[in-house]
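Q: With the sequence up front, the predicted model follows.
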Amino acid sequence: MLFKLPRILLAGLFFSLAFFAHVSATQAANPVVTLETSMGNIKIELYPEKSPVTVKNFIDYVEAKHYDGLIFHRVIPNFMIQGGGFEPGMKERKTKAPIANESKNGLENKRGTLAMARTSEPNSASSQFFINVVDNGFLDRAKSRDGVGYCVFGKVIEGMEVVDKMKTVKTGRSGPHGDVPEEDIIIKTAKVSK
């Protein structure tokens, strides 16, 4: 009987540690957003610790169904794919006020990362985002021309093959940059799936 007690205590201790490690890992998990598109699904892990304002903004748009029915309106094969602002026919969807640029968070514009699109005004990002299809170091704060750069706030964790299909579509339809896909790439829905 004396030898069984320590084994029972050790088993109980091991179970407790495993349970708390699981709970802790679950609570610490980053939010994931799935973009269901007309070309397939893209899962993106977001980084709220590095970009709290940007992640909250993006999730707010997702939960408000802002992205549902929008298109990827800019496709540049050796650069990025951009969406989050226009309906088919290039009709702009109304957005909330712009947010502060969090580009000094240390995250880099590497292939597969998600970043906020903006105008030449650093703090002008609202709902539009882009996925880098190659490493774009010149968009990082340290290497950017304007010294501000573009805020990375997530990364594709599933569906990069879908992004790679998107970057090869034929473009040229009228738009501000001439890189609008000839056939709409539609975001059917976007949803948070932790």
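A: Received it, and whenever you're ready, just let me know what you need.

Q: in this protein, which spans are helices?
A: The residue ranges that make up the helices of the chain, judged by DSSP state H, are 4-28, 52-63, 160-166.

Q: Lowest average confidence across these, which one?
A: Sorting the helices of the chain by mean pLDDT places helix 4-28 lowest, at a mean of 52.

Q: mind listing what residue 187 touches?
A: With contacts defined as C-beta atoms under 8 Å, 6 or more residues apart in numbering, the neighbours of residue 187 are 35, 36, 37, 67, 68, 69, 70, 71, 72, 83, 84. C-betas here are computed from N, CA, C, even on glycine.

Q: so who does the closest residue to the fifth one other than its chain neighbours touch?
A: Beyond its immediate neighbours in the sequence, the residue positioned closest to residue 68 (C-beta to C-beta, 6 or more residues apart in numbering) is residue 189, lying 4.9 Å away. Going by C-beta under 8 Å, 6+ apart, residue 189 touches 36, 65, 67, 68.

Q: Can you tell me how far residue 81 is from residue 64?
A: Taking C-beta to C-beta, to the nearest Å as the measure, residue 81 and residue 64 are separated by 22 Å.

Q: Which one of those two is surrounded by more residues?
A: residue 81 (25 against 11; other C-beta atoms under 10 Å).

Q: wait, isn't the more buried one in contact with residue 129?
A: No. Residue 81 sits out of contact with residue 129 when judged by C-beta atoms under 8 Å, with a separation of 9.7 Å.

Q: State the pLDDT value of residue 178.
A: At residue 178 the predicted local confidence, pLDDT, stands at 73.

Q: count of neighbours near it?
A: Based on other C-beta under 10 Å, the number of other residues close to residue 178 is 10.
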